[in-house]
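Novice: Predicted structure and sequence below. I'll ask about it afterward.
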Amino acid sequence: MSVVNFNGIILEVNSAWTNHLGWSIDDLVGQSVLKFIHAEDQNGAWLSHAKFFSSKLNIEKANFNCRYLHKNGSYLEFSCNSTIVPAKGKVFAIANSMAAKEVAISFVQPDPRYKQIAKLLDAIPSSIGYWDSDLRCIHANSAYARLYNKTPDEIRGKSLADISDERQLNLVLPKMQQALKGIPQSFEDEVLTLNTFFSQVSVKYIPDLDAGQVKGFLVLMQDISAIKSLEAERNQTQVKLMNSAKMSSLGEMAGGLAHEINNPLTIIIGKASQLANRIESGKQDLDKSLDDLRRIEQTALRIAKIVNGLRVFSRNADKDLMSKTSVEKIVEDTFELCRQKLKYNNIKLTVKGLTGIQIECRSSQISQALLNILNNAHDAIEALQEKWIEIEATSDGEFVTIFVTDSGRGIASDIQEKIMQPFFTTKDVGKGTGLGLSISKGLVESHNGCIYFDAKHQHTRFVIELPILQPVSI
(Lines give C-alpha, C1' and ligand atoms only; values in the text may rest on other atoms or scores of the structure.)
Protein backbone atom coordinates (compact mmCIF):
# COMPACT_ATOMS: atom_id res chain seq x y z
CA MET A 1 0.00 0.00 0.00
CA SER A 2 1.30 3.47 -0.80
CA VAL A 3 0.31 7.16 -0.79
CA VAL A 4 1.57 9.32 -3.69
CA ASN A 5 1.00 13.02 -4.38
CA PHE A 6 -0.03 14.43 -7.78
CA ASN A 7 3.64 15.06 -8.64
CA GLY A 8 4.27 11.32 -8.34
CA ILE A 9 6.32 11.62 -5.12
CA ILE A 10 5.90 8.72 -2.69
CA LEU A 11 4.65 10.01 0.69
CA GLU A 12 4.04 6.76 2.57
CA VAL A 13 4.45 3.00 2.06
CA ASN A 14 3.81 -0.02 4.25
CA SER A 15 6.26 -2.83 5.08
CA ALA A 16 4.85 -5.09 2.32
CA TRP A 17 6.99 -3.09 -0.16
CA THR A 18 10.05 -4.36 1.68
CA ASN A 19 8.68 -7.91 1.80
CA HIS A 20 7.93 -7.99 -1.94
CA LEU A 21 10.51 -5.72 -3.54
CA GLY A 22 13.43 -5.53 -1.12
CA TRP A 23 13.44 -1.73 -0.80
CA SER A 24 13.41 -0.19 2.66
CA ILE A 25 10.80 2.44 3.51
CA ASP A 26 13.57 5.08 3.54
CA ASP A 27 14.61 3.97 0.02
CA LEU A 28 11.09 4.75 -1.25
CA VAL A 29 9.67 7.75 0.62
CA GLY A 30 10.48 11.01 -1.14
CA GLN A 31 11.28 9.31 -4.47
CA SER A 32 9.23 9.47 -7.68
CA VAL A 33 7.00 6.45 -8.08
CA LEU A 34 7.91 6.34 -11.76
CA LYS A 35 11.49 5.47 -10.76
CA PHE A 36 10.20 2.05 -9.62
CA ILE A 37 7.79 1.35 -12.52
CA HIS A 38 8.97 -0.42 -15.69
CA ALA A 39 9.51 2.11 -18.54
CA GLU A 40 6.97 0.34 -20.75
CA ASP A 41 4.27 0.64 -18.06
CA GLN A 42 4.87 4.22 -16.91
CA ASN A 43 2.61 5.96 -19.39
CA GLY A 44 -0.32 3.63 -18.87
CA ALA A 45 -0.04 3.73 -15.10
CA TRP A 46 0.39 7.48 -14.79
CA LEU A 47 -2.11 8.51 -17.48
CA SER A 48 -4.82 6.45 -15.81
CA HIS A 49 -4.50 8.86 -12.87
CA ALA A 50 -3.57 12.19 -14.44
CA LYS A 51 -6.91 12.71 -16.16
CA PHE A 52 -8.58 13.00 -12.75
CA PHE A 53 -6.10 15.42 -11.18
CA SER A 54 -7.84 18.57 -12.41
CA SER A 55 -11.04 17.76 -10.53
CA LYS A 56 -11.35 19.24 -7.06
CA LEU A 57 -14.31 17.34 -5.69
CA ASN A 58 -14.78 13.91 -7.20
CA ILE A 59 -13.14 10.80 -5.78
CA GLU A 60 -12.18 8.47 -8.61
CA LYS A 61 -10.75 4.96 -8.86
CA ALA A 62 -8.28 3.50 -11.36
CA ASN A 63 -7.27 -0.11 -12.03
CA PHE A 64 -4.19 -1.18 -13.98
CA ASN A 65 -1.35 -3.70 -14.09
CA CYS A 66 2.31 -2.69 -13.98
CA ARG A 67 5.76 -4.05 -13.28
CA TYR A 68 7.64 -2.75 -10.21
CA LEU A 69 11.42 -2.77 -9.86
CA HIS A 70 12.88 -5.18 -7.28
CA LYS A 71 16.04 -4.05 -5.48
CA ASN A 72 17.90 -6.93 -7.15
CA GLY A 73 17.17 -5.38 -10.59
CA SER A 74 14.34 -7.70 -11.65
CA TYR A 75 10.71 -6.67 -12.19
CA LEU A 76 7.59 -8.16 -10.56
CA GLU A 77 4.08 -7.70 -11.96
CA PHE A 78 1.37 -6.26 -9.73
CA SER A 79 -2.35 -5.67 -10.07
CA CYS A 80 -3.03 -2.14 -8.77
CA ASN A 81 -6.16 -0.45 -7.44
CA SER A 82 -5.93 3.30 -6.81
CA THR A 83 -8.25 5.77 -5.11
CA ILE A 84 -7.63 9.33 -6.36
CA VAL A 85 -8.71 12.13 -4.02
CA PRO A 86 -8.28 15.44 -5.93
CA ALA A 87 -9.34 17.54 -2.96
CA LYS A 88 -6.39 16.20 -0.97
CA GLY A 89 -3.99 15.98 -3.91
CA LYS A 90 -3.19 12.36 -3.10
CA VAL A 91 -3.44 8.91 -4.64
CA PHE A 92 -4.00 5.95 -2.33
CA ALA A 93 -2.89 2.73 -4.04
CA ILE A 94 -3.00 -0.98 -3.20
CA ALA A 95 -0.82 -3.34 -5.26
CA ASN A 96 -1.30 -7.11 -5.21
CA SER A 97 1.41 -9.45 -6.43
CA MET A 98 0.34 -11.36 -9.52
CA ALA A 99 2.83 -14.11 -8.63
CA ALA A 100 1.16 -14.57 -5.21
CA LYS A 101 -2.21 -14.64 -6.94
CA GLU A 102 -1.02 -17.40 -9.26
CA VAL A 103 0.25 -19.42 -6.29
CA ALA A 104 -3.10 -18.97 -4.54
CA ILE A 105 -4.93 -20.16 -7.66
CA SER A 106 -2.66 -23.19 -7.85
CA PHE A 107 -3.70 -24.15 -4.32
CA VAL A 108 -7.38 -23.44 -4.87
CA GLN A 109 -7.26 -25.45 -8.10
CA PRO A 110 -4.19 -27.64 -7.47
CA ASP A 111 -2.44 -29.45 -10.24
CA PRO A 112 -1.58 -33.16 -9.74
CA ARG A 113 1.73 -32.34 -8.03
CA TYR A 114 -0.10 -31.01 -4.98
CA LYS A 115 -2.94 -33.49 -4.69
CA GLN A 116 -1.00 -36.15 -2.79
CA ILE A 117 0.48 -33.56 -0.42
CA ALA A 118 -2.99 -32.09 0.16
CA LYS A 119 -4.36 -35.56 0.99
CA LEU A 120 -1.53 -36.15 3.42
CA LEU A 121 -2.09 -32.81 5.17
CA ASP A 122 -5.84 -33.43 5.37
CA ALA A 123 -5.15 -36.73 7.16
CA ILE A 124 -3.23 -34.94 9.93
CA PRO A 125 -5.45 -34.08 12.94
CA SER A 126 -3.51 -30.88 13.66
CA SER A 127 -4.68 -27.73 11.89
CA ILE A 128 -2.21 -26.56 9.25
CA GLY A 129 -2.40 -23.43 7.12
CA TYR A 130 -0.15 -21.15 5.10
CA TRP A 131 -0.58 -17.37 4.73
CA ASP A 132 1.28 -15.24 2.20
CA SER A 133 2.74 -11.77 2.73
CA ASP A 134 -0.55 -10.20 1.59
CA LEU A 135 -2.28 -12.02 4.47
CA ARG A 136 -4.25 -14.37 2.28
CA CYS A 137 -4.69 -18.02 3.18
CA ILE A 138 -2.83 -19.93 0.47
CA HIS A 139 -3.42 -23.38 1.95
CA ALA A 140 -5.60 -24.92 4.66
CA ASN A 141 -6.06 -28.55 5.55
CA SER A 142 -9.47 -29.86 6.62
CA ALA A 143 -8.76 -29.53 10.37
CA TYR A 144 -7.68 -25.89 9.93
CA ALA A 145 -10.76 -25.00 7.89
CA ARG A 146 -13.10 -26.67 10.42
CA LEU A 147 -11.91 -24.30 13.14
CA TYR A 148 -13.34 -21.48 11.03
CA ASN A 149 -16.56 -23.37 10.24
CA LYS A 150 -15.50 -23.69 6.59
CA THR A 151 -14.25 -26.23 4.09
CA PRO A 152 -10.67 -25.99 2.73
CA ASP A 153 -12.00 -24.70 -0.62
CA GLU A 154 -13.94 -21.95 1.17
CA ILE A 155 -10.93 -20.69 3.11
CA ARG A 156 -8.17 -20.84 0.49
CA GLY A 157 -7.43 -17.53 -1.19
CA LYS A 158 -9.43 -15.58 1.42
CA SER A 159 -8.15 -12.70 3.54
CA LEU A 160 -8.15 -12.73 7.33
CA ALA A 161 -11.11 -10.32 7.40
CA ASP A 162 -13.11 -12.76 5.24
CA ILE A 163 -12.98 -15.60 7.77
CA SER A 164 -12.53 -13.95 11.21
CA ASP A 165 -14.81 -12.00 13.51
CA GLU A 166 -13.74 -8.66 14.96
CA ARG A 167 -12.50 -10.13 18.26
CA GLN A 168 -10.24 -12.65 16.60
CA LEU A 169 -9.10 -10.15 13.99
CA ASN A 170 -7.90 -7.78 16.74
CA LEU A 171 -6.07 -10.62 18.50
CA VAL A 172 -4.51 -12.36 15.51
CA LEU A 173 -3.62 -9.53 13.11
CA PRO A 174 -0.79 -8.01 15.23
CA LYS A 175 0.73 -11.48 15.67
CA MET A 176 0.51 -12.18 11.94
CA GLN A 177 2.24 -8.88 11.23
CA GLN A 178 5.03 -9.90 13.61
CA ALA A 179 5.36 -13.23 11.78
CA LEU A 180 5.72 -11.33 8.49
CA LYS A 181 8.68 -9.52 10.07
CA GLY A 182 10.32 -12.91 10.63
CA ILE A 183 9.44 -13.18 14.34
CA PRO A 184 7.88 -16.56 15.29
CA GLN A 185 4.68 -16.33 17.34
CA SER A 186 3.17 -18.69 19.88
CA PHE A 187 -0.09 -18.09 21.78
CA GLU A 188 -3.44 -19.57 22.80
CA ASP A 189 -6.84 -18.62 21.40
CA GLU A 190 -10.49 -19.63 21.55
CA VAL A 191 -12.46 -20.47 18.40
CA LEU A 192 -16.11 -21.35 17.83
CA THR A 193 -16.48 -24.75 16.16
CA LEU A 194 -19.29 -26.11 14.00
CA ASN A 195 -21.10 -27.58 17.00
CA THR A 196 -21.26 -24.07 18.56
CA PHE A 197 -18.84 -25.01 21.35
CA PHE A 198 -15.74 -22.92 21.98
CA SER A 199 -12.46 -24.79 21.54
CA GLN A 200 -9.17 -23.81 23.12
CA VAL A 201 -6.32 -23.94 20.62
CA SER A 202 -2.57 -23.41 20.79
CA VAL A 203 -1.29 -21.46 17.79
CA LYS A 204 2.19 -21.18 16.28
CA TYR A 205 3.20 -18.91 13.39
CA ILE A 206 6.46 -20.00 11.73
CA PRO A 207 7.88 -17.45 9.23
CA ASP A 208 8.79 -18.78 5.77
CA LEU A 209 12.15 -17.21 4.96
CA ASP A 210 13.79 -17.26 1.54
CA ALA A 211 17.16 -15.51 1.17
CA GLY A 212 16.33 -13.33 4.15
CA GLN A 213 12.90 -12.34 2.79
CA VAL A 214 9.66 -13.39 4.47
CA LYS A 215 7.44 -15.01 1.84
CA GLY A 216 4.67 -15.86 4.30
CA PHE A 217 4.25 -18.04 7.37
CA LEU A 218 3.10 -21.51 8.32
CA VAL A 219 0.31 -21.85 10.88
CA LEU A 220 0.11 -24.83 13.24
CA MET A 221 -2.97 -25.03 15.45
CA GLN A 222 -3.70 -27.74 18.00
CA ASP A 223 -6.99 -28.24 19.84
CA ILE A 224 -6.05 -28.22 23.52
CA SER A 225 -9.59 -28.20 24.97
CA ALA A 226 -9.14 -31.64 26.54
CA ILE A 227 -5.79 -30.63 28.02
CA LYS A 228 -7.30 -27.43 29.46
CA SER A 229 -10.19 -29.44 30.91
CA LEU A 230 -7.77 -31.84 32.59
CA GLU A 231 -5.73 -28.92 33.92
CA ALA A 232 -8.88 -27.36 35.39
CA GLU A 233 -9.81 -30.67 37.04
CA ARG A 234 -6.27 -31.04 38.37
CA ASN A 235 -6.36 -27.50 39.79
CA GLN A 236 -9.69 -28.20 41.47
CA THR A 237 -8.26 -31.38 42.97
CA GLN A 238 -5.22 -29.47 44.22
CA VAL A 239 -7.48 -26.88 45.84
CA LYS A 240 -9.48 -29.63 47.56
CA LEU A 241 -6.30 -31.33 48.77
CA MET A 242 -4.96 -28.01 50.03
CA ASN A 243 -8.19 -27.29 51.90
CA SER A 244 -8.10 -30.82 53.31
CA ALA A 245 -4.56 -30.26 54.55
CA LYS A 246 -5.61 -26.93 56.06
CA MET A 247 -8.47 -28.55 57.94
CA SER A 248 -6.13 -31.32 59.08
CA SER A 249 -3.67 -28.73 60.39
CA LEU A 250 -6.45 -26.80 62.10
CA GLY A 251 -7.69 -30.05 63.65
CA GLU A 252 -4.21 -30.82 65.00
CA MET A 253 -4.01 -27.31 66.44
CA ALA A 254 -7.56 -27.20 67.81
CA GLY A 255 -6.74 -28.45 71.31
CA GLY A 256 -3.79 -26.09 71.72
CA LEU A 257 -5.73 -23.14 70.32
CA ALA A 258 -8.66 -23.80 72.64
CA HIS A 259 -6.25 -23.77 75.58
CA GLU A 260 -4.47 -20.69 74.19
CA ILE A 261 -7.76 -18.77 74.01
CA ASN A 262 -9.23 -20.21 77.22
CA ASN A 263 -6.36 -18.93 79.41
CA PRO A 264 -6.71 -15.25 78.43
CA LEU A 265 -10.50 -15.53 78.66
CA THR A 266 -10.09 -16.71 82.26
CA ILE A 267 -7.93 -13.65 82.95
CA ILE A 268 -10.50 -11.32 81.39
CA ILE A 269 -13.37 -12.87 83.37
CA GLY A 270 -11.36 -12.71 86.62
CA LYS A 271 -10.29 -9.08 86.20
CA ALA A 272 -13.79 -8.02 85.16
CA SER A 273 -15.23 -9.75 88.26
CA GLN A 274 -12.73 -7.96 90.54
CA LEU A 275 -13.64 -4.60 89.02
CA ALA A 276 -17.36 -5.30 89.52
CA ASN A 277 -16.81 -6.32 93.20
CA ARG A 278 -14.84 -3.14 93.98
CA ILE A 279 -17.49 -0.95 92.40
CA GLU A 280 -20.30 -2.73 94.30
CA SER A 281 -18.46 -2.46 97.62
CA GLY A 282 -17.61 1.18 97.07
CA LYS A 283 -13.94 0.44 97.67
CA GLN A 284 -12.77 1.71 94.34
CA ASP A 285 -9.00 1.92 93.84
CA LEU A 286 -8.52 3.92 90.63
CA ASP A 287 -4.89 2.90 90.08
CA LYS A 288 -5.63 -0.78 90.56
CA SER A 289 -8.75 -0.56 88.38
CA LEU A 290 -6.76 1.13 85.63
CA ASP A 291 -4.15 -1.66 85.79
CA ASP A 292 -6.92 -4.27 85.54
CA LEU A 293 -8.51 -2.55 82.55
CA ARG A 294 -5.16 -2.40 80.77
CA ARG A 295 -4.61 -6.10 81.49
CA ILE A 296 -8.06 -6.88 80.07
CA GLU A 297 -7.26 -4.83 76.94
CA GLN A 298 -3.90 -6.56 76.39
CA THR A 299 -5.45 -9.98 76.88
CA ALA A 300 -8.31 -9.22 74.47
CA LEU A 301 -5.77 -8.06 71.86
CA ARG A 302 -3.92 -11.34 72.37
CA ILE A 303 -7.11 -13.28 71.58
CA ALA A 304 -7.76 -11.04 68.56
CA LYS A 305 -4.26 -11.81 67.28
CA ILE A 306 -4.88 -15.56 67.54
CA VAL A 307 -8.26 -15.27 65.80
CA ASN A 308 -6.75 -13.10 63.04
CA GLY A 309 -4.07 -15.71 62.48
CA LEU A 310 -6.77 -18.36 62.09
CA ARG A 311 -8.74 -16.14 59.71
CA VAL A 312 -5.71 -15.44 57.51
CA PHE A 313 -4.65 -19.09 57.49
CA SER A 314 -8.04 -20.62 56.72
CA ARG A 315 -9.21 -18.31 53.91
CA ASN A 316 -8.78 -19.15 50.21
CA ALA A 317 -6.16 -16.74 48.87
CA ASP A 318 -5.76 -18.22 45.37
CA LYS A 319 -7.26 -15.16 43.69
CA ASP A 320 -5.65 -12.58 45.99
CA LEU A 321 -3.26 -10.08 44.45
CA MET A 322 0.36 -10.19 45.59
CA SER A 323 1.19 -7.46 48.12
CA LYS A 324 4.27 -6.41 50.08
CA THR A 325 4.28 -7.99 53.52
CA SER A 326 6.77 -8.12 56.35
CA VAL A 327 8.41 -11.54 56.79
CA GLU A 328 8.37 -10.86 60.52
CA LYS A 329 4.57 -10.44 60.50
CA ILE A 330 4.08 -13.64 58.48
CA VAL A 331 6.18 -15.59 61.01
CA GLU A 332 4.38 -13.98 63.98
CA ASP A 333 0.94 -14.81 62.54
CA THR A 334 2.08 -18.39 61.91
CA PHE A 335 3.60 -18.69 65.39
CA GLU A 336 0.28 -17.70 66.97
CA LEU A 337 -1.28 -20.84 65.49
CA CYS A 338 1.24 -23.27 67.01
CA ARG A 339 2.56 -21.40 70.07
CA GLN A 340 0.55 -23.39 72.60
CA LYS A 341 1.28 -26.71 70.90
CA LEU A 342 5.03 -26.03 71.04
CA LYS A 343 4.84 -24.67 74.58
CA TYR A 344 2.89 -27.71 75.82
CA ASN A 345 5.68 -30.01 74.55
CA ASN A 346 8.47 -27.76 75.89
CA ILE A 347 9.74 -26.91 72.40
CA LYS A 348 11.61 -23.61 72.28
CA LEU A 349 11.06 -21.41 69.19
CA THR A 350 13.51 -18.62 68.34
CA VAL A 351 13.63 -16.21 65.41
CA LYS A 352 16.57 -14.32 63.85
CA GLY A 353 17.06 -11.65 61.21
CA LEU A 354 13.40 -11.06 60.34
CA THR A 355 13.24 -7.32 61.04
CA GLY A 356 12.93 -5.02 58.02
CA ILE A 357 12.59 -7.74 55.36
CA GLN A 358 9.54 -7.50 53.08
CA ILE A 359 8.41 -9.71 50.20
CA GLU A 360 5.69 -9.47 47.58
CA CYS A 361 3.44 -12.44 48.23
CA ARG A 362 0.09 -13.86 49.31
CA SER A 363 0.89 -13.85 53.02
CA SER A 364 -1.64 -16.55 54.01
CA GLN A 365 -0.08 -18.99 51.54
CA ILE A 366 3.47 -18.40 52.79
CA SER A 367 2.07 -18.76 56.33
CA GLN A 368 0.55 -22.12 55.42
CA ALA A 369 3.84 -23.30 53.90
CA LEU A 370 5.69 -22.35 57.09
CA LEU A 371 3.07 -23.89 59.37
CA ASN A 372 3.30 -27.22 57.53
CA ILE A 373 7.08 -27.24 58.11
CA LEU A 374 6.66 -26.26 61.79
CA ASN A 375 4.08 -29.01 62.35
CA ASN A 376 6.44 -31.56 60.82
CA ALA A 377 9.28 -30.27 63.00
CA HIS A 378 7.08 -30.54 66.12
CA ASP A 379 6.10 -34.13 65.37
CA ALA A 380 9.72 -35.09 64.60
CA ILE A 381 11.27 -33.73 67.82
CA GLU A 382 8.53 -33.96 70.46
CA ALA A 383 10.02 -37.15 71.87
CA LEU A 384 13.64 -35.89 71.90
CA GLN A 385 15.48 -34.62 74.97
CA GLU A 386 16.75 -31.51 73.17
CA LYS A 387 13.79 -29.74 71.60
CA TRP A 388 14.05 -26.47 69.73
CA ILE A 389 13.06 -24.83 66.42
CA GLU A 390 14.78 -21.82 64.90
CA ILE A 391 13.52 -19.56 62.10
CA GLU A 392 16.03 -17.28 60.42
CA ALA A 393 15.81 -15.03 57.37
CA THR A 394 18.45 -13.38 55.19
CA SER A 395 18.20 -11.17 52.10
CA ASP A 396 20.59 -10.28 49.28
CA GLY A 397 18.33 -7.50 47.97
CA GLU A 398 16.81 -9.71 45.28
CA PHE A 399 15.80 -12.87 47.14
CA VAL A 400 14.79 -13.70 50.71
CA THR A 401 15.96 -17.00 52.18
CA ILE A 402 14.06 -18.42 55.16
CA PHE A 403 15.70 -21.22 57.16
CA VAL A 404 13.56 -23.44 59.40
CA THR A 405 15.86 -25.62 61.51
CA ASP A 406 14.93 -28.04 64.31
CA SER A 407 16.96 -30.09 66.80
CA GLY A 408 16.44 -33.30 64.84
CA ARG A 409 19.34 -35.07 63.20
CA GLY A 410 18.22 -34.84 59.60
CA ILE A 411 16.28 -37.14 57.28
CA ALA A 412 17.43 -40.58 56.13
CA SER A 413 19.09 -40.39 52.71
CA ASP A 414 16.87 -43.13 51.23
CA ILE A 415 13.71 -41.03 51.67
CA GLN A 416 15.01 -37.51 51.05
CA GLU A 417 13.82 -37.58 47.42
CA LYS A 418 10.32 -38.71 48.46
CA ILE A 419 9.48 -36.20 51.19
CA MET A 420 7.98 -33.64 48.76
CA GLN A 421 5.77 -36.23 47.06
CA PRO A 422 2.02 -36.09 47.80
CA PHE A 423 0.80 -38.61 50.40
CA PHE A 424 4.30 -39.71 51.40
CA THR A 425 4.64 -39.75 55.19
CA THR A 426 6.74 -41.40 57.87
CA LYS A 427 4.19 -40.63 60.59
CA ASP A 428 1.96 -43.20 62.25
CA VAL A 429 -1.48 -43.87 60.79
CA GLY A 430 -3.87 -41.07 61.73
CA LYS A 431 -1.09 -38.57 62.52
CA GLY A 432 -0.54 -37.07 59.07
CA THR A 433 -1.92 -36.81 55.54
CA GLY A 434 1.42 -36.77 53.74
CA LEU A 435 0.37 -33.56 51.99
CA GLY A 436 2.11 -30.91 54.11
CA LEU A 437 5.43 -30.62 52.30
CA SER A 438 4.00 -31.19 48.82
CA ILE A 439 1.50 -28.37 49.37
CA SER A 440 4.23 -26.14 50.80
CA LYS A 441 6.28 -26.85 47.66
CA GLY A 442 3.36 -25.91 45.41
CA LEU A 443 2.66 -22.69 47.32
CA VAL A 444 6.30 -21.58 47.30
CA GLU A 445 6.69 -22.39 43.59
CA SER A 446 3.52 -20.43 42.80
CA HIS A 447 5.49 -17.44 44.18
CA ASN A 448 8.38 -18.21 41.78
CA GLY A 449 10.43 -19.54 44.67
CA CYS A 450 11.80 -22.91 45.74
CA ILE A 451 11.86 -25.08 48.86
CA TYR A 452 14.35 -27.83 49.64
CA PHE A 453 15.85 -29.94 52.41
CA ASP A 454 19.42 -28.98 53.36
CA ALA A 455 21.10 -32.38 53.59
CA LYS A 456 24.47 -30.84 54.56
CA HIS A 457 23.26 -29.28 57.82
CA GLN A 458 23.95 -31.18 61.04
CA HIS A 459 20.33 -30.71 62.14
CA THR A 460 17.06 -30.94 60.19
CA ARG A 461 16.79 -27.82 58.06
CA PHE A 462 14.35 -26.76 55.34
CA VAL A 463 15.11 -23.74 53.18
CA ILE A 464 12.58 -21.48 51.41
CA GLU A 465 13.86 -19.03 48.78
CA LEU A 466 11.48 -16.32 47.53
CA PRO A 467 11.94 -13.30 45.23
CA ILE A 468 11.45 -9.98 47.01
CA LEU A 469 9.45 -8.73 44.01
CA GLN A 470 7.39 -10.97 41.79
CA PRO A 471 8.24 -10.86 38.06
CA VAL A 472 5.93 -8.75 35.92
CA SER A 473 3.61 -10.77 33.68
CA ILE A 474 3.71 -9.75 30.01
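Specialist: That came through fine. Since we're looking at a predicted model, the values are computed, not measured.

Novice: Every contact and neighbour count from this point should use C-alpha atoms.
Specialist: Noted.

Novice: The helix or strand hosting residue 96 pairs with which strands, parallel or anti?
Specialist: Taking DSSP states H and E as the criterion, residue 96 maps to strand 90-97. If you go by DSSP bridges, strand 90-97 pairs up with strand 2-5 (antiparallel), strand 75-85 (antiparallel).

Novice: What residues sit buried inside it?
Specialist: Residues of strand 90-97 classed as buried by neighbour count (16 or more other Cα atoms under 10 Å): 90, 91, 92, 93, 95, 96, 97.

Novice: Could I get those in a markdown table, plus columns for pLDDT?
Specialist: Below are these laid out as a markdown table (pLDDT from 0 to 100):
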| residue | pLDDT |
| --- | --- |
| 90 | 80 |
| 91 | 79 |
| 92 | 75 |
| 93 | 77 |
| 95 | 76 |
| 96 | 72 |
| 97 | 67 |
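
Novice: Rebuild these as JSON lines, extending it with distance to residue 346.
Specialist: Shown next, in JSON lines, are those (distance: Cα to Cα, whole Å):
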{"residue": "90", "distance to residue 346": "89"}
{"residue": "91", "distance to residue 346": "89"}
{"residue": "92", "distance to residue 346": "86"}
{"residue": "93", "distance to residue 346": "86"}
{"residue": "95", "distance to residue 346": "85"}
{"residue": "96", "distance to residue 346": "84"}
{"residue": "97", "distance to residue 346": "85"}
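
Novice: Which two of those have the greatest separation?
Specialist: Largest separation among the buried residues of strand 90-97 by Cα to Cα: 90 and 97, giving 22.5 Å.

Novice: circling back to that earlier point, in a markdown table, list the strands paired with strand 90-97 along with mean pLDDT, distance to residue 328 and mean neighbour count.
Specialist: Converted to a markdown table, the strands paired with strand 90-97 look like this (pLDDT from 0 to 100; distance: least, Cα to Cα, whole Å; neighbours: other Cα atoms under 10 Å):
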| stretch | mean pLDDT | distance to residue 328 | mean neighbour count |
| --- | --- | --- | --- |
| strand 2-5 | 84 | 63 | 20 |
| strand 75-85 | 78 | 70 | 18 |
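
Novice: Residue 350: which of those is closest?
Specialist: Going by Cα to Cα, the one of the strands paired with strand 90-97 nearest residue 350 is strand 2-5, 73.6 Å.

Novice: Which strands border the very next helix or strand once past that closest one, and is each parallel or antiparallel?
Specialist: Using DSSP H and E, the helix or strand that follows strand 2-5 towards the C-terminus is strand 10-13. Using DSSP bridges, the strands paired with strand 10-13 in its sheet are strand 2-5 (antiparallel).

Novice: before we move on, back to that, could you dump the strands paired with strand 90-97 to JSON lines with distance to residue 374?
Specialist: As requested, the strands paired with strand 90-97 are arranged in JSON lines below (distance: least, Cα to Cα, whole Å):
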{"stretch": "strand 2-5", "distance to residue 374": "69"}
{"stretch": "strand 75-85", "distance to residue 374": "74"}
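
Novice: Could you point out which of these sits nearest residue 349?
Specialist: strand 2-5 (74.9 Å).

Novice: can you list contacts of that closest one?
Specialist: Under the contact criterion Cα atoms under 8 Å, 6 or more residues apart in numbering, strand 2-5 has outside partners 10, 11, 12, 13, 14, 33, 89, 90, 91, 92, 93, 94.

Novice: Try it again at 7 Å.
Specialist: 10, 11, 12, 13, 14, 89, 90, 91, 92, 93, 94 (Cα atoms under 7 Å, 6 or more residues apart in numbering).

Novice: what about the helices in the stretch 151-300 of the chain?
Specialist: 152-155, 160-163, 166-179, 225-281, 286-314 (DSSP state H, counting those that start in this stretch).

Novice: worst average pLDDT in the ones you listed?
Specialist: Across the helices of the stretch 151-300 of the chain, helix 225-281 has the smallest mean pLDDT, namely a mean of 71.

Novice: Mean confidence (pLDDT) on stretch 131-150, please.
Specialist: On average, stretch 131-150 scores 84.

Novice: Might you calculate how far it sits from the centre of the chain?
Specialist: 28 Å (Cα atoms, centre = their mean, to the nearest Å).

Novice: measure that stretch end to end?
Specialist: In stretch 131-150, first residue to last residue: 16 Å (Cα to Cα, to the nearest Å).

Novice: Give the buried residues for it.
Specialist: Per 16+ other Cα under 10 Å, stretch 131-150 contains these buried residues: 131-150.

Novice: Pull the number of nearby residues for the closest residue in space to residue 462 that isn't next to it in sequence.
Specialist: In space, residue 462 comes closest to residue 453 once its chain neighbours are excluded; the distance is 4.6 Å by Cα to Cα, 6 or more residues apart in numbering. Counted with other Cα atoms under 10 Å, the neighbours of residue 453 add up to 19.

Novice: Would you mind stating the distance between residue 453 and residue 371?
Specialist: Taken as Cα to Cα, the span from residue 453 to residue 371 is 16 Å.

Novice: again with residue 421
Specialist: 18 Å.

Novice: still on that earlier bit, can you tell me which residues contact the residue nearest to residue 462?
Specialist: By Cα under 7 Å, 6+ apart, the neighbours of residue 453 are 461, 462, 463.

Novice: Can I take it that residue 128 is in a strand?
Specialist: Yes. Assigned with DSSP: H, G, I helix; E, B strand; the rest coil, residue 128 falls within a strand.

Novice: number of nearby residues for the closest residue to it other than its chain neighbours?
Specialist: Using Cα to Cα, 6+ apart and skipping the chain neighbours, the partner closest in space to residue 128 is residue 220 (4.9 Å). For residue 220, the neighbour count with other Cα under 10 Å is 18.

Novice: give me every residue that touches residue 220.
Specialist: Neighbours of residue 220 in contact, by Cα under 7 Å, 6+ apart: 127, 128, 129, 203, 204, 205.

Novice: Now do the contacts for the closest residue to the first one other than its chain neighbours.
Specialist: Leaving aside its chain neighbours, residue 127 sits nearest to residue 144 (4.0 Å; criterion: Cα to Cα, 6+ apart). By Cα under 7 Å, 6+ apart, the contact list for residue 144 reads 127, 128, 129.

Novice: Ignoring the adjacent residues along the chain, who's closest to the last one?
Specialist: The reference is to residue 129. residue 140 (4.3 Å).

Novice: from memory the one you found sits against residue 152, does it?
Specialist: Yes. Look at residue 140 against residue 152 with Cα atoms under 7 Å: they come within range, at 5.5 Å.

Novice: buried stuff in the longest strand along the chain?
Specialist: Assignment by DSSP state E gives strand 198-210 as the longest strand of the chain. Within strand 198-210, the residues that count as buried by 16+ other Cα under 10 Å are 199, 200, 201, 203, 204, 205, 206, 207, 208.

Novice: cool, and stretch 277-290?
Specialist: residue 289.
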